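>>> show me the folded form of this:
(chains A and B)
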Amino acid sequence: MKKRFAKLISLALVGVMSAGVLAGCGNSNDTASAAKDGVKIGVLVADVSGEEALGFRNYYEEYIQNNYDVTFEYTDALESAEDEKAAIEKFASKGYDAIISLSSSDRAQQIETCEEYGVYYAIASGVLDDEQYEQYKGYEHFVGQIGPSNETEFEAGKAMGEYYKEQGISTVAIYGAFIPNPMHVYRAAGIIAGLGDTYGGTDDMNGMIGQIFGDQAVDPSKIEGDVEVVAYLQGYGDTTTDELNAAIQKAPEAFLSVGMATTFFAQTLAQNDIQFADIDSFTEMNLDSMTNGTLTYLAGKYSSSIGPVFALVMNAVNGNVIRDNDGNAVSLSQGYLVATDVDSFNEYYVTDNGDTPIFDKESLDTIIGDAVTYDDVKALVESK
Amino acid sequence: MSKLKKFKNTQMLIATLPLVALIALFFIFCGVIQTYGYRLDIYLQIVFNEAVVLAVVATGAIFIYTLGTFDISLGASTLFAATLGVTVYNKTESLALMILVLFATGIACSLFNSVLASVFNIPAFVTTVAMMSVLSAIASQIITTDGGALGGISIPSSVVEPYSGIGFKAMLLIIYIAVCFYVFQLTKTGRRMKFIGGNPLCASLTGIKANKYTIIAFTMAGIGVGLGAFLTLTYTPSVTTQTASSIGMNIFIAIVFGGMPISGGPRSKIYAALVGGFSYMLLNDILEIVIDSSAAYGITQVISALFFMAVVYITSMNYRTQALPR
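The predicted model follows:
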C-alpha cells in the first residue's frame, strides 16, 4: 500500500514539475512578439512541409520580418474549418492585427470570423470563387486576395500537358496529389486538356472539373485521346508508394504532377530515369532535380510572390485599406513562371533567393504607404 | 487505521484525481494565458467550443464503453450526420428538418452498428472500423460533389447564429449530461449495463438480455452524435471531409482522462467524458501555447501521449487490486 502511495505521489510531483517547466520554458518568439510594438500577423497554413510552403515561410520569417517592423506567427497544419476558426480566434485573443491565409478549408468562415473579431484578413494562396468574392468583397476587414485563380491553375496544367504533347510523348503517368483539393482538380483537368485528351467525353474546363470532383479522383478509363495515361495516383503514404511502383512498371515516358512530386517522388523517379513535371516553386530541391535532368518542366511560383499580400495587410493595419476602383476588396490574379531547363530555372531561383527576392524591400516600399492606391499595387503585381 | 479503511481512502483519492487534475489544469491554463498575453475571455470560449462537442459525443459513448465494447466510428457518424443535415437544409431551408435529420442519422448509424454487433455477433472492432470507412467515404462523396471548388458544403451562418452562444451550448450540454446521468446512475437500465460490462456471463445467467441493453447504449450514443453534429454546425456552419475527424480517437483519451477504465463495467462513470474532454482540451491548449511548434512538429502530441500514459497508470491503480469493485 505504502509503495503504491509513494508511486502515486512521485507521479503527481512529476506531473506538477512538468507543468511548471512547460509553463516556464515557453516560446521565445512569442515572448518577444508580445513585447514588440510592431505589426503582428498570424498565418494560417494547411501544408507545413511542402517545398512551396517552406519557401513562403522562409520569405516572411527571414526576409520580411528582418526588413519591417512585423512579427509573423504560423499555425500548425490546419485540417478542418473548425481548426481554422479556432486558430483565428487564438490570434485575435492575443491581439494580432491581421491574418494572412494559406489554408482553404472554409475561406468564407475565415472572413466572417475575422470580421467578427475586427482583424484584417487577406488570402495569399488561391482565390475565392466568383460567387464568394461577390458576397464578401465589401467586408470591412477583408483586405483582398492575390494569387492564381482557378482558371490560372487550369491554364498552368494545360500548358504543362501541351509542352509534353509537343515533345512527342505518347504515354504519361499523372499524379493528382490531394484531389479533391480544388486547386489540384483544376490543374489535373488542365493537364488532360493540354495533352489533347478528353475526360468523360469533354475537354471543357467546367465539364471536366465537375466530373473529377464527382469521381474524387481522375479515372484513367474516362480519358481518351492521342496521349495515353498509363497510370494515375493521388494522395501520399504506403498505398501511394505501391501505386508509384506500379506506375513505374508501366514505363511512362513522363510523370506529370499537379504538385509536390519533388517532395514525395523525385528520388524514386530519378532512380528509374523517368522525367517528371511539377507545379511547385523555385527551390533548391527542385533545382537539384532539374540539374540532374529528371525534372524537365516546372511551373512555379517564386517564394516572394506573397509579398504584395503582405503590403496590402501592412497598409490596412496602418490605416490605408486599399480598395479597387469600385470600392471593393482587392482581387488580383498571379500567373506561373515556367522553367524547362537549368538556365531558365536559375533566372527565377537566383533572383528570388535569400536576400534578393523578386518582391524585395525596395519594390514593396513602393506599395506600402498612406498614399498607395489600387492601381499602384496592380501595376507592381502585373510587372513581375 | 485498518487496512480496509486505508484501501478505501486510497481509492477515494485516486477517484477524485481526474477532477483535481481538471481544476489544476484550469489554473495552469489561466496562468499560461496571462503569462503569454492572450485574452482569457476569448480563449475560454475557444476551449469550451473545442471541448463541448467531444464531451457530448464521448458522454454518449460511455454507454457503449460501459458494456465492455466500443465504437470507433463515432467521429465518422458525426461527420455523416452533419453532411446530411447540411444537405437537407440546403434543399428545404428548414432548420427543424435539419435538426431532425442530424439526430435521426446519428441514431440510425449507431443502431446499425448495434444490430451488427448484437444480432449478428460481429465483433464491434470489425463493424465500427468498417462503418468508419463507409460513412467517411459517403460523406466525402457528398461533400466533394456538392461542394465542388469550394471544397466543402455549408449553410448560411445566420441560420445557426442564434444558437452559437456559449450560454445556449452550455445549456444543451447540461441537459444532455443530466439525462445521461439519470439513465446511467438512477435507473435499472444503467445498473444492468454496468453488470453486463463487468461480467456478461453472470448478467446473462441472471436473465439480463444483453442485446436489449446494447441497443439502448448505442441509441444513447447516437443521440450524442446528433447533438455533437448540431454543436459542430453552430461553431462552423460548414462541413469539409476533415470535420470531426479527430473525435473518434479523442473519445478514448477523454474517457481515460476522466478516470474511467476502457474495459467498462461497474467502475464506469458517466461524468468521465465531461471531465476528461475538458482536461484534454485544456492540456492541448496549454502545450500549444508554451511549446514552439515550429521547433519540433508533433512535440505537443508526444507530451500529450506521456501525460496520457501517466494518467492511465494512476487511474488503473484503482482497479489493479484483488478486491471486487465497491
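>>> find me the pLDDT at the closest residue to residue B:147 other than its chain neighbours, would you?
Nearest non-adjacent residue to residue B:147, counting by Cβ to Cβ, 6 or more residues apart in numbering or on different chains: residue B:153, 4.7 Å away. Using the backbone N, CA and C atoms, a C-beta is placed for each residue, glycine as well. Note for residue B:153: predicted pLDDT of 87.
>>> dihedrals phi and psi, residue B:153?
Per-residue torsions, residue B:153: phi -120, psi 150 (degrees, to the nearest 10).
>>> ok, it - contacts?
When contacts are counted by Cβ atoms under 8 Å, 6 or more residues apart in numbering or on different chains, residue B:153 touches B:83, B:86, B:87, B:90, B:142, B:143, B:146, B:147, B:238, B:239.
>>> beta-bridge partners for the last one, please?
With beta bridges defined as DSSP bridges, residue B:239 has these partners: residue B:153.
>>> what residue in the stretch 1-150 of chain B comes nearest to chain A?
Here the stretch 1-150 of chain B gets closest to chain A at one residue, residue B:42, 3.6 Å apart by Cβ to the nearest Cβ.
>>> just checking, that residue touches residue A:93?
Yes: between residue B:42 and residue A:93 there is a contact under Cβ atoms under 8 Å: 3.6 Å.
>>> the more surrounded of these two?
More crowded of residue B:42 and residue A:93, by other Cβ atoms under 10 Å in any protein chain shown: residue A:93, with 20 against 17.
>>> was I right about that one contacting residue B:43?
Yes: applying Cβ under 8 Å, one finds residue A:93 in contact with residue B:43, separated by 4.9 Å.
>>> and residue A:102, how many residues sit next to it?
Applying other Cβ under 10 Å, we find 24 other residues in the vicinity of residue A:102.
>>> roughly how far apart are it and chain B?
Separation of residue A:102 from chain B (Cβ to the nearest Cβ, to the nearest Å) stands at 14 Å.
>>> gap between stretch B:157-165 and the chain center?
Relative to its chain's centre, stretch B:157-165 lies at 23 Å (Cα atoms, centre = their mean, to the nearest Å).
>>> report the buried residues of it.
B:157, B:159, B:160, B:164 (16 or more other Cβ atoms under 10 Å in any protein chain shown).
>>> is chain A contacted by that stretch?
Yes: for stretch B:157-165, a contact with chain A is found by Cβ under 8 Å from any Cβ of the partner chain, at residue B:157.
>>> so what touches that stretch?
Outside stretch B:157-165, the residues that reach it (Cβ under 8 Å, 6+ apart) are A:109, A:112, B:89, B:95, B:168, B:169, B:230, B:233, B:234, B:235, B:237.
>>> farthest pair within the contacts of residue B:153?
The largest separation in these, counting by Cβ to Cβ, is between B:142 and B:238 at 13.2 Å.
>>> torsion angles phi and psi at the nearest residue to residue A:211 once chain neighbours are set aside?
Using Cβ to Cβ, 6+ apart and skipping the chain neighbours, the partner closest in space to residue A:211 is residue A:200 (4.6 Å). As for residue A:200, its main-chain torsions (degrees, to the nearest 10) stand at phi 60, psi 30.
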